[in-house]
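K.L.:
I would like to see how this sequence folds:
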Amino acid sequence: MASLAFAFPLTPGKAKEWRSWGRGIVGRRRREYDAFRRRVGLTAQRVYLQHTPQGDLAIFYLEGKDPHRALQELAVSQDPFVVWFRQQAQDLLEGLDWAQISLGSPSQLVFDGPSVEEDQARDRALYMMERLGETSP
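P.N.:
Below you'll find the model as predicted:
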């Protein structure tokens, strides 16, 4: 699975509207949102609100077979849900211009630590190897 993350500053004073918009996406517009996710192959999406001294940031995380496709769809699709989403995002996110978003990587992964499951599997393997005398403690 591929992933990408990107952040945009919220338009000043729009944090309450931002939260309401998010609730609407997973609430009354859930079926349209789910259809969009399936169409573009997204398997995970997370959106965070980060308060900073310079202002609020919206942080997006997308995961799927081709998350760049989701950005492309958001930029050009005439699907009614996508048009609504695009218009709302442009109002709520300062400086967002869907036509100017590069389809190259909006972010670069710098660190991807192991999952808890990977750590546990490694620890079990080391334990078994030590019991069998294949490694020294």
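
K.L.:
Just give me the neighbour total for R28.
P.N.:
Residues lying near R28 (other C-beta atoms under 10 Å) number 10. The way it works is simple: take the backbone N, C-alpha and C, and place the C-beta from them, glycine included.

K.L.:
same check, this time on I25
P.N.:
19.

K.L.:
From F111, how far off is it?
P.N.:
Distance of I25 to F111, given as C-beta to C-beta, to the nearest Å: 29 Å.

K.L.:
Can you classify A5 as helix, strand or coil?
P.N.:
On the three-state scheme (DSSP: H, G, I helix; E, B strand; the rest coil), A5 is labelled strand.

K.L.:
List the beta-bridge partners for it.
P.N.:
With DSSP bridges as the criterion, A5 is bridged to Y61.

K.L.:
roughly how far out does stretch 88-101 sit from the chain middle?
P.N.:
16 Å (C-alpha atoms, centre = their mean, to the nearest Å).

K.L.:
Show the contacting residues for the residue positioned nearest the centre of the chain.
P.N.:
With distances taken as C-alpha atoms, centre = their mean, Y61 lies nearest the centre of the chain, 1.5 Å away. Residues in contact with Y61 (C-beta atoms under 8 Å, 6 or more residues apart in numbering) are 3-5, 44-48.

K.L.:
didn't S3 look like it was pressed against P67?
P.N.:
Yes - judged on C-beta atoms under 8 Å, S3 makes contact with P67 at a distance of 6.3 Å.

K.L.:
more crowded one of those two?
P.N.:
When neighbours are counted by other C-beta under 10 Å, P67 comes out ahead of the other of S3 and P67, with 25 against 14.

K.L.:
CA atoms only for the longest helix seen in the chain, dumped as CSV, please.
P.N.:
Across the chain, the longest stretch assigned as helix under DSSP state H is helix 116-131. Written as CSV, here are the backbone C-alpha positions of helix 116-131 (Å, rounded to 0.1, in the frame of the first residue of the first chain):
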residue,chain,number,x,y,z
VAL,A,116,3.9,-3.5,17.4
GLU,A,117,3.2,-6.8,15.7
GLU,A,118,6.6,-6.6,13.9
ASP,A,119,8.4,-5.9,17.1
GLN,A,120,6.6,-8.8,18.9
ALA,A,121,7.5,-11.2,16.0
ARG,A,122,11.1,-10.1,16.1
ASP,A,123,11.3,-10.6,19.9
ARG,A,124,9.7,-14.1,19.6
ALA,A,125,12.2,-15.1,16.9
LEU,A,126,15.1,-13.9,19.0
TYR,A,127,13.9,-15.7,22.1
MET,A,128,13.5,-18.9,20.2
MET,A,129,17.0,-18.6,18.6
GLU,A,130,18.5,-17.9,22.0
ARG,A,131,16.7,-21.0,23.4
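
K.L.:
Much appreciated, bye for now.
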